[in-house]
Structure formats: structure tokens, C-alpha cells
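A.B. asks: need the 3D shape of this:
(2 chains)
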Number of protein chains: 2
Amino acid sequence: MQVVLDDFLDAQGRVLAEVGPDCAALLEGIRALLRGGKRLRPAFCYWGYRGAGGADGDGIVDVGAALELFQAAALIHDDLMDDSDTRRGLPAAHRRFASLHAGAGWAGSEERFGLAGAVLTGDLCLGWSDELFSAARLPAADVARARGVFSLMRTQLMGGQYLDVLEQAAAAVSDPAGAVDRARRVVRFKSAKYSVEHPLLLGARLAGAPEQLLASYSAVGLSLGEAFQLRDDVLGTFGDPEVTGKPAGDDLREGKRTLLVALALRSASPAQAATVQRLLGDPDLDADGVAALREVLVATGAAAAVEEHIARLVEEACEALDAAAVDETSRAALHGLLVAATSRQA
Amino acid sequence: MQVVLDDFLDAQGRVLAEVGPDCAALLEGIRALLRGGKRLRPAFCYWGYRGAGGADGDGIVDVGAALELFQAAALIHDDLMDDSDTRRGLPAAHRRFASLHAGAGWAGSEERFGLAGAVLTGDLCLGWSDELFSAARLPAADVARARGVFSLMRTQLMGGQYLDVLEQAAAAVSDPAGAVDRARRVVRFKSAKYSVEHPLLLGARLAGAPEQLLASYSAVGLSLGEAFQLRDDVLGTFGDPEVTGKPAGDDLREGKRTLLVALALRSASPAQAATVQRLLGDPDLDADGVAALREVLVATGAAAAVEEHIARLVEEACEALDAAAVDETSRAALHGLLVAATSRQA
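C.D. replies: Numbers count the residues shown, from 1 in each chain, chains lettered A, B, ... in the order given. Below you'll find the model as predicted:
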């Protein structure tokens, strides 16, 4: 897949060079970003396709590369919205452009230049993702059949991201009784469907899978995808910075309204609730603050409840995978992905 | 076309409603934005198609609607990058979301919430533009043939926008001798190709036009498109706010490095150059400042030179249109669009 991405970016580099040599800055960050990552979505798409009887070949790799470009767009814009510093061990796109501005001593605000660079870089990736998908080396009828999933994936992800941003802003004035449901809804649309269910279904639709297999993949994808995101939340809260490559307690500093937080608040004492109220989302949260919040998440039972929930979801996903009408090679590969996605340390 | 857009947005509204009722806020601004606008690009696409022998029908309207959605995405993200207050007489998307935040008394920064809302709204429009294009009621082979133009249009626009942002930041430290060329390059890629040439070629490719007609359309499109943008620059600098609906001298306040500015600096006296240096891009520029800058643009002959340039470009476009192998109805319609685009007051 790296070859497909490299060749595609080389071609786009020639298009941009015609616009102007300075446009090379747009491509650099995209190239660097696309050399990293877990490539989880292409893997689910590939095995969803193979499991539905699709033959190995270049076409499904093209579609996987399209998913990686879409993910790059989502990450670049997400980091801009969250004002994150780094991504995959590199400066986030808006930081990269801000540094370019500061280093060159240009006029105006470096933050605004960083913003513009990140918006445009993400927009390029969005368009390119579609370009690669449309040009995939597969029969046109197969691509046309799968396009609905691709489109739905995009719309639902953007909707899910909006609910996530909204929840961080509105949590304090929203009905607390609904917080757990709202957190699960964000997980479902921003992550479970996007990261697992839609890639599986995309592969399946490309291969012309029957309705029954689509239903099986949905069942696997939603449980596994939710477990994947909850593992992500746990790592973002309790993870070891040496392993995750992100600052300790990053999600706490950003004020993410995860299921962990929602469950903790549901059974928090007034003192514990006040701690969350005071510290969650503080951009200057230090190690003591992280420790205090972690203590509340553990003492309220929220951390244990999320681990139990992950275990139950993994079990459900395994059962659905066992029942799916796929060949044993694909089943084994999907099982391996399932374990990797939900028991990872980074 | 409004019916196509309305039906499409209704369908997307149902998809977003399933994600969550709060997602309705994402759609509201898009709906309002798509009720306005000159719909110039769909008009060029339509007459490019008809002129190339394409039969009237629903399909070409679908493609025009896809162009309008793409333009909506470009405007929403452009307004965010420029930090503009209004668009088409309505609050810009990021302002709309910031107001929503302020009005509801939510936590965190209203600017950051506005940024997130605008990024996501624009991303939705980008995806939807592609979705509409791909589902256009035209033979799949026609859509496939035209897809390359659609993709190229997106990439070149983003590249052109980056050069525009870069020029505003870097102008003071860039080689002044190249300023006129750089300004024309931005006009070419950000506007001439995007607003006129690509829509014409898109229509032509959909209709299966021969190479010769594609070349004629390119000639018409590049001249006319450049004239269109230069008219826009003149209006953004000298336009009457009562007619344009934008604050007087908006481009001056934003520090846009238009051809007007580049030409003025080329023949400015030291005192005139100092005036430009001091006032251009001042966010608090008042009526006196606008008047002082306008005076430099007139006194240096830049304003007259741009008007002459527009006139020459219009002449070139007319000649290319006269020579194009299109039916007389299409020629007359394209001529009408040409006049409207370059002699407008708003």
C-alpha cells in the first residue's frame, strides 16, 4: 500500500508543482503522516473483502490507500480542532505550518497561517481520498456498489465528530442523566462505525457480499469498534507516555467527555464530582492533576466498568465473527485484528 | 437546481439525524448558504455541456449542484481562514457556530467551537459534492470521463488558495520584482481555472467534446476567468458596500496581495510604498485608511492598468468564443455569462 500511496502522492506533487513550487509544503506533511499509522482501516477493509470472496489484487489495495488518505484528512482537521501538538510523533499539520511561518519571519499571525495550512492540507486529502477510491483498479460496477458505504462513512464521521466537540462544550449544562448515552453515541459514530464497521462493509460490498454477511460484519464491527475506542480512551487516560507516544492524561487535559468520565460522574460523591469539574479540560493540567482525576476514575469504579465493558464487547465480536460465513483464513485474520485492536498498549 | 440541492440536503439531514438531533446545526448553515450565490460555475458547466452537444436533462443539473456544494465548502473554509464575518449577507459558518456557543453559555472558547463547526461543515460539503457528482443521472461512462477534471479542479484550487495565503504572509520578504507574476498565478489557479475553465471543461468532457473544443473552452475560460477575478478585486477594493454587501475596502483590510496592489507597488514612490506598507492588512483599517490606499492605487496608475487588462482579457475571451465550434444558442448564452461576470457591480 505504501507504493500505491507514494506513487499517488508523486503524481499529485507534479500537479501541485505546476500551481507553484511553494505548494511542496502542502505535500511534505501528508507524506510524513502517511508513512506512519496502524493501517487498521485498510486491514479491516481487506479482510472484509477477502472474507466475502474477493480475490487478492491491486484494486483492494487502492481502496485501502483511499481509506488511509481519508483518515489523514480526519486526523489533520481533528488535530486542528483539538489544537493538538503532535501526531504520530510529528508536529500536527497546523503546528508544522505555524513553525514554517515563524521560522521565515513572515507577516501576520503564525497561528492563522498554521490554521490555513492545516485546513487546506486536510481538504487536499479529502479530495484525493475520493480520487483514489474512484480510480481503484476494480470493476466499475463493484466500486459503484460500494460507494454508498464510502459516502455514509464520511457523513457519519463528521456528524460524530461534531457531537464529540459539542459534548465537550455543553457537558456542564446538559442533562447529566444522558451523559453515558451521549458518550456511547459519540463512540458509535465517531469510531465504531468509522474505524471498523464501515471498512468491513466497504470490502464486503466491493466483493458483492450477500445481506447475511453484511449483517454479520455489522455485528462484528460495532462491538469490536466500540471496544477499540474504549481501549483508546483508557490509553488516553491511563496510558504510559513511553509507549503511547502521547503526553500522560492527554484526554483529561483536552476535557474529552469519554464513557470513563460519564460513568465516573454517575457514581461520584460531591467531592469527586467537584474534582472532575475543577480539573477536567484544564489545558495546564499537571502530573498531580492527572493523578487526582485518575484516582476519581478508579475509585468510582468507572475504570473497572469500562474494562468489563470492553471484555463483553470483545466477546460479542468474537461470537459474531465465529458465526459469520467467511473462510477460515479470513476468520483467523479478522480475529487477529480484533485482538490487536482491543488489547493494545499504544 | 435548487430542487436537487434541497432534496439532497433533506436526505443528508436524515442521515445526520440518525447520528444525533444536534447535528441539525451542521445542516442549517449549509442550507442557508446554498440558497444564495450567483451560481456562475453551474452555468458555465451547463453551457459548456450544451455547447459540446450535450442534451438538456437532469444529469447536468446534478453536476451543477455538485459544483455548488464544492463551492460552499471552499467558501466556508476560506471564510474561516480569512476570519471573515459574513458571506452572502449571512454570518460566516465559524461565526454562526461561535454565536451558537456564546448564546448557549457553553464551556470553553467560542472561537474554537466556531472553528470546529466550520471545519466540519466544509468537510461535509466536500464529501457531499463528490457524492452528488458520482450519483449524477448521466451515463456512468460520461461521469468517469469527466472525473479527471473534477479532481484536478479540487487540487489546483487548494494549491492556489495556499499560494494566496502564503503571498499575504510572505509578501514583505519576497522578491518584489516577482510580485506581479505571483499575483497573476494566484488569480490563474484560485480563480480563472476554478471558476470558469474547469466548469466549462467539466461540461465538455461530460458531453464527450473533441480536443479542439476543449482547447477553445480553455482559451475562453482562462481569459474570462482572469477578468472575472480582477473585477472581483476591483470591487473588493473600490466597490460600493450598498451594492456588494461587503464592507468598503474589505480586501485592503484583509491585506490581499491582488494584482492591483502588485502593480501599484511596482510604480509607487517611496512615500506611496510606505503608505501601502503601513495600512494594507491592518484589521482596524478605517474609512480614512481605505481612502488613502485607494488614492495610491489610483495615483500609481494601477487601477487604470487593471481596468485595461480586464478589457483586453474580455476581448480575448470573446474572440476565443467566436472561434469555438459551438451552436449559436450556446455561444449567445456563454457570451451573456461573460458580460455578466466581468462587468458586474457586486
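A.B. asks: show the average pLDDT along stretch A:135-142.
C.D. replies: For stretch A:135-142, mean pLDDT rounds to 96.
A.B. asks: in that stretch, which residues are buried?
C.D. replies: Within stretch A:135-142, the residues that count as buried by 16 or more other Cβ atoms under 10 Å in any protein chain shown are A:135-136, A:138, A:142. For glycine as for every other residue, the C-beta is placed from the backbone atoms N, C-alpha and C.
A.B. asks: what do you get for stretch A:208-218?
C.D. replies: Buried-residue list, stretch A:208-218, by 16+ other Cβ under 10 Å: A:209, A:213-214, A:216-218.
A.B. asks: so that stretch, near chain B or not?
C.D. replies: No: using Cβ under 8 Å from any Cβ of the partner chain, we find that stretch A:208-218 stays clear of chain B, coming within 14.3 Å at best.
A.B. asks: what helix or strand does whichever residue of the stretch 101-250 of chain A sits closest to chain B sit in?
C.D. replies: The nearest approach of the stretch 101-250 of chain A to chain B comes at A:Gly159, 3.4 Å away (Cβ to the nearest Cβ). Element membership for A:Gly159 (DSSP states H and E) is helix A:140-170.
A.B. asks: tell me the gap between that helix and the middle of its chain.
C.D. replies: Distance of helix A:140-170 from its chain centroid, counting by Cα atoms, centre = their mean, to the nearest Å, is 12 Å.
A.B. asks: before we move on, what about stretch A:134-147?
C.D. replies: 24 Å.
A.B. asks: which other residues reach that stretch?
C.D. replies: A:57-60, A:62-63, A:66, A:133, A:202, A:205-208, B:131, B:134-135, B:140, B:144, B:147, B:151 (Cβ atoms under 8 Å, 6 or more residues apart in numbering or on different chains).
A.B. asks: from A:Arg88, how far out is the closest residue in space to A:Leu90 that isn't next to it in sequence?
C.D. replies: The shortest distance from A:Leu90 to any non-neighbouring residue, by Cβ to Cβ, 6 or more residues apart in numbering or on different chains, is to A:Ala32 (5.5 Å). Distance, A:Ala32 to A:Arg88, using Cβ to Cβ, to the nearest Å: 8 Å.
A.B. asks: let me know how buried the nearest residue to A:Ser84 once chain neighbours are set aside is, in neighbour terms.
C.D. replies: Excluding the flanking residues, the one nearest A:Ser84 by Cβ to Cβ, 6+ apart is A:Ala92, at 5.1 Å. Around A:Ala92 there are 24 other residues, counting by other Cβ atoms under 10 Å in any protein chain shown.
A.B. asks: how about A:Lys256?
C.D. replies: Quick note: A:Lys256 (other Cβ under 10 Å) scores 21 neighbours.
A.B. asks: list the contacts of the residue lying closest to it once chain neighbours are set aside.
C.D. replies: Spatial nearest neighbour of A:Lys256, excluding adjacent residues (Cβ to Cβ, 6+ apart): A:Gln168 at 6.6 Å. Shown in contact with A:Gln168 (Cβ under 8 Å, 6+ apart): A:254-257, A:281, B:107-108.
A.B. asks: drop anything exposed from those.
C.D. replies: A:254-257, A:281, B:108.
A.B. asks: mind putting those residues in JSON lines, pLDDT included?
C.D. replies: Shown next, in JSON lines, are those (pLDDT from 0 to 100):
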{"residue": "A:Glu254", "pLDDT": "87"}
{"residue": "A:Gly255", "pLDDT": "89"}
{"residue": "A:Lys256", "pLDDT": "89"}
{"residue": "A:Arg257", "pLDDT": "90"}
{"residue": "A:Gly281", "pLDDT": "91"}
{"residue": "B:Gly108", "pLDDT": "88"}
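A.B. asks: export these as a markdown table, with columns for distance to B:Lys246 and secondary structure.
C.D. replies: Putting those into a markdown table (distance: Cβ to Cβ, whole Å; DSSP: H, G, I helix; E, B strand; the rest coil) gives the following:
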| residue | distance to B:Lys246 | secondary structure |
| --- | --- | --- |
| A:Glu254 | 37 | helix |
| A:Gly255 | 37 | coil |
| A:Lys256 | 39 | coil |
| A:Arg257 | 39 | coil |
| A:Gly281 | 37 | coil |
| B:Gly108 | 30 | coil |
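A.B. asks: returning to what we had before: pretty sure the residue nearest to A:Ser84 sits against A:His77.
C.D. replies: No: using Cβ atoms under 8 Å, A:Ala92 is not in contact with A:His77, being 10.4 Å away.
A.B. asks: find residues that contact each of the two.
C.D. replies: By Cβ under 8 Å, 6+ apart, the residues touching both A:Ala92 and A:His77 are A:Ala118.
A.B. asks: ranges for the helices of the stretch 201-346 of chain A?
C.D. replies: Taking DSSP state H, counting those that start in this stretch as the criterion, the stretch 201-346 of chain A carries its helices at A:211-238, A:241-244, A:250-254, A:259-266, A:270-279, A:287-299, A:302-323, A:328-343.
A.B. asks: sorry, back to before: got the buried residues of stretch A:135-142 as JSON lines, with distance to A:Val326 and secondary structure columns?
C.D. replies: Shown next, in JSON lines, are the buried residues of stretch A:135-142 (distance: Cβ to Cβ, whole Å; three-state DSSP):
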{"residue": "A:Ala135", "distance to A:Val326": "28", "secondary structure": "coil"}
{"residue": "A:Ala136", "distance to A:Val326": "22", "secondary structure": "coil"}
{"residue": "A:Leu138", "distance to A:Val326": "20", "secondary structure": "coil"}
{"residue": "A:Asp142", "distance to A:Val326": "18", "secondary structure": "helix"}
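A.B. asks: out of the residues you listed, which comes closest to B:Lys38?
C.D. replies: A:Ala135 (32.1 Å; Cβ to Cβ).
A.B. asks: torsion angles phi and psi at the closest one?
C.D. replies: Main-chain dihedrals, A:Ala135, degrees, to the nearest 10: phi -100, psi 10.
A.B. asks: over to A:Thr258?
C.D. replies: Per degrees, to the nearest 10, the backbone of A:Thr258 is at phi -80, psi 170.
A.B. asks: and for A:Pro91?
C.D. replies: phi -60, psi 140.
A.B. asks: please apply the same query to the one 10 residues further on.
C.D. replies: Backbone torsions for A:His101, taken as degrees, to the nearest 10, come to phi -60, psi -50.
A.B. asks: which residues touch it?
C.D. replies: A:108, A:110, A:113-114, B:169.
A.B. asks: and those residues, which is closest to B:Asp286?
C.D. replies: A:Gly108 (19.5 Å).
A.B. asks: what's the distance between that closest one and A:Thr300?
C.D. replies: Plainly put, A:Gly108 is 47 Å away from A:Thr300 if you go by Cβ to Cβ.
A.B. asks: and chain A, what are its domain boundaries?
C.D. replies: A:1-35+A:58-136, A:155-346 (automatic domain parsing).
A.B. asks: where exactly do the helices run in the stretch 1-150 of chain A?
C.D. replies: A:2-19, A:24-33, A:40-51, A:58-82, A:93-104, A:110-134, A:140-170.
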